[in-house]
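K.L.:
any chance you could fold what I've pasted below:
(one chain, ligands or ions: 1)
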Amino acid sequence: MKLYAVQLCSSSSLETNLAMLRQVMAPLSEVSGPKLVVLPECVMSFDGEPDAMATLSEPLGEGSMQRALSQLAQEHRCTLVAGTIPIHAPDGRFYASCLVFDDTGRRIGHYNKLHLFDVDVADGVGRYRESDTTAPGQHVEVIDTPLGKLGIAVCYDVRFPELFRAMVANGAQIIALPSAFTQVTGEAHWQPLLQARAIENQCYLIAANQGGTHDHGRMTWGQSMIVSPWGEVLAQAQQSPSMVMASFDADKIHQIRQQMPTQQHIRMPITAAQLKK
Ligand SMILES: O=C(O)CNC(=O)[C@H](CS)NC(=O)CCC(=O)C(=O)O
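P.N.:
Okay, the predicted model is just below:
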């Protein structure tokens, strides 16, 4: 099985992003065999006007963005982790929702981003308050795909190891991470966070990031990459829209987990009684 991370520099325009996506994914039509393809966060629209995402938001299961992504999965005969798109939430906000389609274009699962980026960053934007527009997800998702058990996390989620532990405890061997990491925090933390999550959970990590300068000046880090269960960077992109590939080796995971059975050695959470007075 082949793993792919797609890197984009999404604009606020649906049409432009779809054209960029088709161009970057075009080589997939020459690839036979099972393929798992991960797209970045905000794949269909990014850094637009303040209410752009709310305007684009769709009910789960219907809408032009979902149809376009489903069609991409079908055209390229791939399992598609379709980045994130805004999906209606019950409180009037939207979820940063990652939909997963099988190679016939059928939606086989979806994950709503749990941890919201309400953070100040010393960059041109400064104050991020994702929760102003986005509702937090409520569930950990491990999706049964034809290619195995797939965990999903989104962007800022990567800073919360508990989420990854929970996905691996539920059988995940591959974790997809659609992202739009800022340039400042990406430069400082992106690669060490990805390698840490892959190493401590002994899983493949496919991190598809936005990269470049976007419509209203937001700058994202790029460096989309695929990390092995041993922490090796198997493939990585630079700044431009591109697609990187690595091969999945289930035996590698089995061997690492047999030699170093960390999942069986977990001692936490330490109960209050075990804490030294
Ligand atoms: O708000 C939008 O328009 C789309 N969503 C994003 O760009 C999100 C929330 S602002 N970005 C991140 O979570 C960056 C995380 C990050 O960079 C880190 O954890 O260091």
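K.L.:
near the ligand, which residues of this structure show up?
P.N.:
41-42, 46, 117, 128, 130, 155-156, 159, 180-182, 185 (Cβ under 6 Å from any ligand atom). For glycine as for every other residue, the C-beta is placed from the backbone atoms N, C-alpha and C.
K.L.:
which residues touch the residue lying closest to Val168 once chain neighbours are set aside?
P.N.:
Closest residue to Val168 in three dimensions, ignoring its sequence neighbours and counting by Cβ to Cβ, 6 or more residues apart in numbering: Asn201, at 4.5 Å. By Cβ atoms under 8 Å, 6 or more residues apart in numbering, Asn201 lies in contact with 164-165, 167-168, 172, 175, 229.
K.L.:
got the phi and psi for Ala180?
P.N.:
phi -140, psi 60 (degrees, to the nearest 10).
K.L.:
strands of the stretch 51-200 of the chain, start to end?
P.N.:
79-81, 85-88, 94-101, 107-112, 118-120, 127-129, 142-145, 148-152, 174-179 (DSSP state E, counting those that start in this stretch).
K.L.:
any chance of those strands in TSV, plus mean pLDDT?
P.N.:
TSV is the format used below for the strands of the stretch 51-200 of the chain (pLDDT from 0 to 100):
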stretch	mean pLDDT
strand 79-81	98
strand 85-88	98
strand 94-101	98
strand 107-112	98
strand 118-120	97
strand 127-129	95
strand 142-145	94
strand 148-152	96
strand 174-179	98
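K.L.:
now render these as a markdown table, adding distance to Ser32 and mean neighbour count.
P.N.:
Converted to a markdown table, those look like this (distance: least, Cβ to Cβ, whole Å; neighbours: other Cβ atoms under 10 Å):
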| stretch | distance to Ser32 | mean neighbour count |
| --- | --- | --- |
| strand 79-81 | 15 | 28 |
| strand 85-88 | 29 | 22 |
| strand 94-101 | 19 | 25 |
| strand 107-112 | 21 | 21 |
| strand 118-120 | 43 | 12 |
| strand 127-129 | 42 | 12 |
| strand 142-145 | 18 | 18 |
| strand 148-152 | 19 | 24 |
| strand 174-179 | 20 | 29 |
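K.L.:
wait, is Arg267 part of a helix?
P.N.:
No - assessed by DSSP: H, G, I helix; E, B strand; the rest coil, Arg267 does not belong to a helix; its assignment is coil.
K.L.:
phi, psi of Asp251?
P.N.:
The phi and psi values for Asp251, taken as degrees, to the nearest 10, are phi -60, psi -30.
K.L.:
no, scratch that, I was asking about Ile266
P.N.:
Backbone geometry at Ile266, expressed as degrees, to the nearest 10, gives phi -60, psi 130.
K.L.:
switch to numbering from 45
P.N.:
With 45 as the first residue, the last one maps to Ile310.
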